[in-house]
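# mind looking at a prediction? Sequence and model below.
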Amino acid sequence: MAYHEWAGVLNQLAGTTNLEAQDAANYWAGTVGRELVGALNAKAGTVGLELAGVCNKLAGTQNLEALDALNTLAGNNLP
């Protein structure tokens, strides 16, 4: 099963439940108060990547849509 919304896959990756996407991303990254892309860049150890780029970096994939890359990282089947 692949998540079709950000909060689901980010909570899965963070090991949390019921957090908003931004909060789950910050928890996963060990950051506080960053916007979604900023938290993901912190997790990836990068600066300034756009959403799809940072998600592909985290997942070790290329040219996937951002949410598909995170689902791949989480081990979820893509549709």
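On my side now, so go ahead.

# verify the stated contact: residue 7 with residue 19.
Yes - counting by C-beta atoms under 8 Å, residue 7 touches residue 19, with 6.8 Å between them. C-betas here are computed from N, CA, C, even on glycine.

# would you map the helices across the chain?
For the chain, the helices defined by DSSP state H occupy 6-14, 21-29, 36-44, 51-59, 66-74.

# tell me the spacing between the residue nearest to residue 72 when sequence neighbours are not counted and residue 78.
Leaving aside its sequence neighbours, residue 72 sits nearest to residue 59 (C-beta to C-beta, 6 or more residues apart in numbering; 4.9 Å). Using C-beta to C-beta, to the nearest Å, we find residue 59 at a distance of 11 Å from residue 78.

# one more: residue 13?
On the measure of C-beta to C-beta, residue 13 and residue 78 end up 15 Å apart.

# report the contact partners of the residue nearest to residue 72.
By C-beta atoms under 8 Å, 6 or more residues apart in numbering, the contact list for residue 59 reads 69-70, 72-73.

# just residue 58 next, same as before
When contacts are counted by C-beta under 8 Å, 6+ apart, residue 58 touches 40, 43-44, 69-70, 73.

# that older thread, which one of the contacts of residue 59 has the most neighbours?
Using other C-beta atoms under 10 Å as the neighbour criterion, residue 70 leads those with 27 neighbours.

# pLDDT wise, what is that residue at?
Note on residue 70: pLDDT of 97.

# how about it: what's its closest non-neighbour residue?
Closest to residue 70 by C-beta to C-beta, 6+ apart is residue 9, at 4.8 Å.

# before we move on, what about residue 24?
Of all residues apart from its sequence neighbours, residue 10 sits closest to residue 24 (C-beta to C-beta, 6+ apart), at 3.7 Å.
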